[in-house]
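Visitor: this one's structure only:
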Ligand code: KIV
Ligand code: ZN
């Protein structure tokens, strides 16, 4: 009989902390529903005291999902716990995730405190949270760099105080897999009452070891893992849900099961990447565009003879359906709906009609329509509520001539025009835009990505613009990369003009 591993997804909390990945409440509900369908056990829905947006999202996610436990993060502070309790009021199953830093550097520099006082604060927070909910998870922040003997004391005390789950984060992604596994084993062997709580891993990927550390933790006794879709998260990210799930599915000798419906992994990955405007690196394990692409002749020959020669996972097991209907200008609404649905996007009839119209226009310009193209189209009305909209863009450029551009904007219903020349078409277009919106804006980052391979491809542009000491993130997508760049710049501007 295999053991059961609980999957705690923190895409909507640790993942959403990434600059530029913020979702609105409607998008968070969409992700939460996809996580429920994927089969995660716990959804960490936010940090309610941190902002009214987070508070509201925890409320709405609690209403929207049924089966998974909804978890809210707090510091070891009564006010945080009170706010989390309020935010969780509609959750069918609820958990408070409270905690405090336990490494010497956190104790000294963050709290200006001492080891004894930290234990007292940890115990008080757990006891306080237990007054409101039966399920309380305690995190020992920076446990990865906390001395094991002291960590065991903290964990023993919080379990005695009523913690049902004890989280051992490698907050800085510092541990080696052997070291992290040994830490979990030390707790299993030295904490009185450890059998009364579930040990959880929470590994960051700063040195590229998050997945290895998590698996080492599981092998040594952890029975919950904290993960995100596509491994997104602070800095280099968190452990990727898809990697842990497929490692356990591939390595039967570990003898541990999860509740994950692996065929929903790929659609969920695409959905999160698209909503968060966070491209998945092509060589990302399990969900990257190249994860199952065999390009060398020798590999192709082997795979054609027998898939097992070079593939350890059947792509269909993670929801990559290579026989899926090819979408062209002759595809009907039903085919588009089917593809969107398999990518985790379910649209109302009205929205589907609009996306279909855009799809036909794109299909006229472009031979192959890829999944990313239609995901962009499905999110293409992001600008509907924008105060500033692009009305037209005209650019002339070439070799040996200076590029010139004219731009027309609609700002809250009023029309404005600007023209400028520049070092290239994007430079000219952005200068023309700045003639209309005359503010001190600095372009900090600018990336252009073609969605697939052809010269007729949709280009995606991500931008960061600094204004008034803050950095704003924008996104644009168009078959014309100059237009995509201007859209991305306008998207940034809309973020601060609405403030
Ligand atoms: O990385 C970390 O330590 C965390 C805790 C707040 C759980 O995210
Ligand atoms: Zn974290």
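Guide: Looks like it arrived, so ask away. Here the structure is a predicted model, which is why all the values come from computation and not from measurement. Ligands and ions are numbered 1, 2, ... in the order given.
Visitor: up against ligand 1, what does the stretch 151-300 of the chain have?
Guide: The interface of the stretch 151-300 of the chain toward ligand 1, taken as Cβ under 6 Å from any ligand atom, is made up of 167, 169, 171, 202, 204. For every residue, glycine as well, the C-beta is placed using N, CA and C.
Visitor: could you dump those to JSON lines with pLDDT, neighbour count and secondary structure?
Guide: Shown next, in JSON lines, are those (pLDDT from 0 to 100; neighbours: other Cβ atoms under 10 Å; DSSP: H, G, I helix; E, B strand; the rest coil):
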{"residue": "167", "pLDDT": "98", "neighbour count": "25", "secondary structure": "strand"}
{"residue": "169", "pLDDT": "98", "neighbour count": "24", "secondary structure": "strand"}
{"residue": "171", "pLDDT": "98", "neighbour count": "21", "secondary structure": "coil"}
{"residue": "202", "pLDDT": "98", "neighbour count": "30", "secondary structure": "strand"}
{"residue": "204", "pLDDT": "98", "neighbour count": "25", "secondary structure": "strand"}
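Visitor: ok, now which ones touch residue 409?
Guide: Contacts for residue 409 (Cβ atoms under 8 Å, 6 or more residues apart in numbering) come out as 388, 389, 390, 391, 415, 416, 417, 418, 433, 436, 437, 490.
Visitor: should've said residue 459
Guide: So residue 459 contacts 448, 449, 450, 451, 477, 478, 479, 480, 481, 484 (Cβ under 8 Å, 6+ apart).
Visitor: one more time with 10 Å
Guide: The neighbourhood of residue 459, defined by Cβ atoms under 10 Å, 6 or more residues apart in numbering, consists of 376, 448-451, 476-485.
Visitor: can you check residue 468 too?
Guide: When the contact criterion is Cβ under 10 Å, 6+ apart, the partners of residue 468 are 439, 440, 441, 496, 499.
Visitor: residue with max distance from the center of this structure?
Guide: residue 400 (44.0 Å; Cα atoms, centre = their mean).
Visitor: which phi and psi does that one have?
Guide: phi 80, psi 0 (degrees, to the nearest 10).
Visitor: kindly report the same for residue 478.
Guide: The phi/psi pair for residue 478 (degrees, to the nearest 10) reads phi -170, psi 150.
Visitor: how about it, nearest residue that isn't a chain neighbour?
Guide: Using Cβ to Cβ, 6 or more residues apart in numbering and skipping the chain neighbours, the partner closest in space to residue 478 is residue 484 (4.0 Å).
Visitor: buried set for the helix or strand where the one you found lies?
Guide: Taking DSSP states H and E as the definition, one finds residue 484 inside helix 481-497. Neighbour counts using 16 or more other Cβ atoms under 10 Å place 481-495, 497 of helix 481-497 among the buried residues.
Visitor: and stretch 15-29, by the same measure?
Guide: 15, 16, 17, 18, 20, 21, 23, 25, 27, 28, 29.
Visitor: make CSV out of these and add pLDDT, secondary structure and distance to ligand 1.
Guide: Compiled in CSV, the buried residues of stretch 15-29 are given as follows (pLDDT from 0 to 100; DSSP: H, G, I helix; E, B strand; the rest coil; distance: Cβ to the nearest ligand atom, whole Å):
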residue, pLDDT, secondary structure, distance to ligand 1
15, 95, helix, 10
16, 92, helix, 12
17, 86, helix, 8
18, 86, coil, 12
20, 80, coil, 19
21, 84, coil, 15
23, 90, coil, 18
25, 91, helix, 22
27, 91, helix, 21
28, 95, helix, 18
29, 95, helix, 22
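Visitor: perfect, that will be all.
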